[in-house]
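Asks: Return a 3D structure for these sequence lines:
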Amino acid sequence: MEIGGELRELREYFKTGKTKSVTWRKSQLTAILDLIHENEDAISKVLHQDLGKHPVEAFRDEIGGVEKSASKSLSCVEKWMTPKKNDIPLLFFPAKGEVLSEPLGVVLIFSSWNFPIILALDPLIGAISAGNVVVIKPSEQAPACSSFLANTIPRYLDSNGIKVIEGGADVCEQLLLQKWDKIFFTGSPRVASVVMSAAAKNLTPVTLELGGKCPAILDSLPNPSEFKFAVKRIVGGKWGPCSGQACIGVDYLLVEERFSSSLIELFKKIIRRFYGENPLESNVLSRIVNKHQFERIRNLLEDPLVAASIVHGGLVDEENLFIEPTILLDPPLDSQIMTEEIFGPLLPIITLNNIQESIEFINAKPKPLAIYAFTKDETFKRKILSETSSGSVIFNDTLVQFLCDTLPFGGVGQSGFGRYHGKYSFDTFSHEKAVMHRKLFLEIEPRYPPWSRFKLEFLKLAYRLNYFGLLLHMMGFKLGLKRYN
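Replies: Next up, the predicted model:
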């Protein structure tokens, strides 16, 4: 494929203005819904083929999320497109102002392999809603899903304005040599730095959705049923999404030492309930995506001191690319498992003397994409919010923020920057153009030379007072300052 030629075609199509119409945007969003509804079984099949995802997990984490996002955008896009009236200070009277959202132009979306359908289509929904033309580059590490997108999207969406380009690192390099109006990247910080370097050459704006070591904090919960709910949600937040291969998955757990024994026993009980006595035989655990990732995760366990901290699990099966849900108690803090994002089914539990120490522990690491805190202590909640920085904070649950369209999703610092979901996706792929309408009368002469002391005093008042205040002072100051002219 001649990438430069494809890009020229997209740019020429964008210049026609067709993608800016509400009709085009709604037709493409409707087509995405048709694609999802008519290919649900096929999507489940390719997700199982690439990642071993169960159909229920596939719907919960990908298919259903795309459907919900497209439906939301379809119902709201006309309202989002409407210019927003803005108040103009009376100093500028007579005038009115508005903010007009316009598409950025030609957008490049890099999706990730762990959620290869939703991380391609959800940003696409935002880019389409905003009226852009788009190139999607699916991850080659999920080849069945990549092929599905490449073959299916042209059957449903306008191929003049939306294209899928497959390939490996060489194709990514070629894409990054081109000039884009926006790049949206989901993936690792290492690759993100390459994307940013390439984008900087053309001053291309970039949204980076990365990851990091997302902590969970488990405070004292004397009520046994609440404690059980908390542990269930932590288990779901660790092993539920793609066997821990998720940027928002729980990376490690902070808890007071006095709870550790009972906590681990409850973890074991819930893991057995979810995944059976032999998780290898379970059909509800996704597998590790490929051999490279499998070896990377297995290497985290090869440190003898880390291996000695295993209190549950630890079984690895290279032939099936399977790693058992594994719990580690207080592994060395300087080991790779505690300094690098795990992105797999290993959960370190770090014990503290007092749960308040969790804030200092989190702040000693790069800013995470999410902090999950299980507590009923409102003072502690406020302390977490005021003394830590993260993409999001979720109290008493895990993962649910990703599917909440009314909240922005994105990172901070090394966990990324930019935000999307719902209206935030529309804004991410739009430029908010300021528009002011003025009348050709009622001139304010002190804005023009020749300068005088009176004009200086007038301008000082103009900046410091509202318009009515200025009018009230104008005559008095004019009389009092005549001697300066």
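
Asks: For the rest of this, base every contact and every neighbour count on C-alpha atoms.
Replies: Noted.

Asks: residues in contact with Gln178?
Replies: Shown in contact with Gln178 (C-alpha atoms under 8 Å, 6 or more residues apart in numbering): Gly4.

Asks: and with 7 Å instead?
Replies: Contacts of Gln178 were listed using C-alpha atoms under 7 Å, 6 or more residues apart in numbering, and none were found.

Asks: Please state the backbone phi and psi of it?
Replies: Main-chain dihedrals, Gln178, degrees, to the nearest 10: phi -80, psi 160.

Asks: Report pLDDT for it.
Replies: As predicted, Gln178 sits at a pLDDT of 96.

Asks: That one and Ala200, how far apart?
Replies: 12 Å (C-alpha to C-alpha, to the nearest Å).

Asks: Could you list the buried residues of the host helix or strand of His437?
Replies: His437 belongs to strand 430-438 when assigned by DSSP states H and E. By 16 or more other C-alpha atoms under 10 Å, the buried positions in strand 430-438 come out as Ser430, His431, Glu432.

Asks: would TSV of those with distance to Thr23 be doable?
Replies: TSV is the format used below for the buried residues of strand 430-438 (distance: C-alpha to C-alpha, whole Å):
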residue	distance to Thr23
Ser430	18
His431	20
Glu432	21
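
Asks: Just give me the closest of the residues you listed to His54.
Replies: Of all the buried residues of strand 430-438, His54 sits closest to Ser430, with 36.0 Å by C-alpha to C-alpha.

Asks: Can you tell me how far the residue lying closest to the closest one once chain neighbours are set aside is from Ile371?
Replies: Nearest residue to Ser430, sequence neighbours excluded (C-alpha to C-alpha, 6 or more residues apart in numbering): Pro103, at 4.7 Å. Distance from Pro103 to Ile371, counting by C-alpha to C-alpha: 33 Å.

Asks: These two: which is more packed in?
Replies: The neighbour comparison of Pro103 against Ile371 (other C-alpha atoms under 10 Å) goes to Ile371, with 28 against 25.

Asks: name the element the closest residue to the more buried one other than its chain neighbours belongs to?
Replies: In this structure, Ile371 finds its nearest non-sequential neighbour in Val393, 4.8 Å apart by C-alpha to C-alpha, 6+ apart. In this structure, Val393 sits in strand 392-395 according to DSSP H and E.

Asks: on that earlier part again, give me the neighbour count for the residue nearest to Ile371.
Replies: Using other C-alpha under 10 Å, Val393 has 20 other residues around it.

Asks: these two touch, right, it and Phe374?
Replies: No: assessed by C-alpha atoms under 7 Å, Val393 is found out of contact with Phe374, at 10.7 Å.

Asks: Just want the phi and psi numbers for Leu328.
Replies: Dihedral angles (degrees, to the nearest 10) for Leu328: phi -120, psi 140.

Asks: For it, give me the pLDDT.
Replies: Predicted confidence (pLDDT) for Leu328: 98.

Asks: so who does it touch?
Replies: Ser309, Ile310, Val311, Leu347, Pro348, Ile349.

Asks: Go through these and flag which are in strands.
Replies: Here DSSP state E is the test, and the contacts of Leu328 give Ile310, Val311, Leu347, Pro348, Ile349 as lying in strands.

Asks: Kindly indicate which of those residues lies nearest Phe274.
Replies: Nearest to Phe274 out of these is Leu347 (C-alpha to C-alpha; 16.0 Å).

Asks: before we move on, the earlier item: hmm, who's touching the strand holding His437?
Replies: For strand 430-438, the external contacting residues (C-alpha under 7 Å, 6+ apart) are Pro94, Ala95, Lys96, Gly97, Glu98, Val99, Leu100, Ser101, Glu102, Pro103, Leu104, Ala130.

Asks: measure the first one to Phe441 for me?
Replies: By that I understand Pro94. For Pro94, the distance to Phe441 - C-alpha to C-alpha - is 8 Å.

Asks: Next up, the contacts around the residue most central in space within the chain.
Replies: Centrality entry for the chain: nearest residue to the mean C-alpha point is Gly410, 3.5 Å, by C-alpha atoms, centre = their mean. Gly410 sits next to Glu209, Gly391, Gly416, Phe417, Gly418, Arg419, Tyr420 when contact means C-alpha under 7 Å, 6+ apart.

Asks: Among these, which one has the most neighbours?
Replies: Within these, Glu209 tops the neighbour count with 28 neighbours, counted by other C-alpha under 10 Å.

Asks: I'd say that one and Gly416 touch.
Replies: Yes: if you go by C-alpha under 7 Å, Glu209 and Gly416 touch, sitting 5.1 Å apart.

Asks: confidence score at the nearest residue to Phe227 once chain neighbours are set aside?
Replies: In space, Phe227 comes closest to Leu221 once its chain neighbours are excluded; the distance is 5.5 Å by C-alpha to C-alpha, 6+ apart. Note for Leu221: predicted pLDDT of 85.

Asks: you'd agree Leu221 is in a strand?
Replies: No: applying DSSP: H, G, I helix; E, B strand; the rest coil, one finds Leu221 to be coil, outside a strand.

Asks: That one and Lys228: what is the separation?
Replies: Taking C-alpha to C-alpha as the measure, Leu221 falls 9 Å from Lys228.

Asks: Quick one: low-confidence residue ranges for the chain.
Replies: Under the criterion pLDDT under 70, the flagged ranges of the chain are 1, 466-485.

Asks: Show me it divided up by domain.
Replies: 3-210+421-433, 215-410, 443-484 (automatic domain parsing).

Asks: circling back to that earlier point, note down every partner strand of the helix or strand following the strand holding Val393 and its orientation.
Replies: Beyond strand 392-395 on the C-terminal side, the first helix or strand identified by DSSP H and E is strand 416-417. When pairing is defined by DSSP bridges, strand 416-417 lines up against strand 206-209 (antiparallel).
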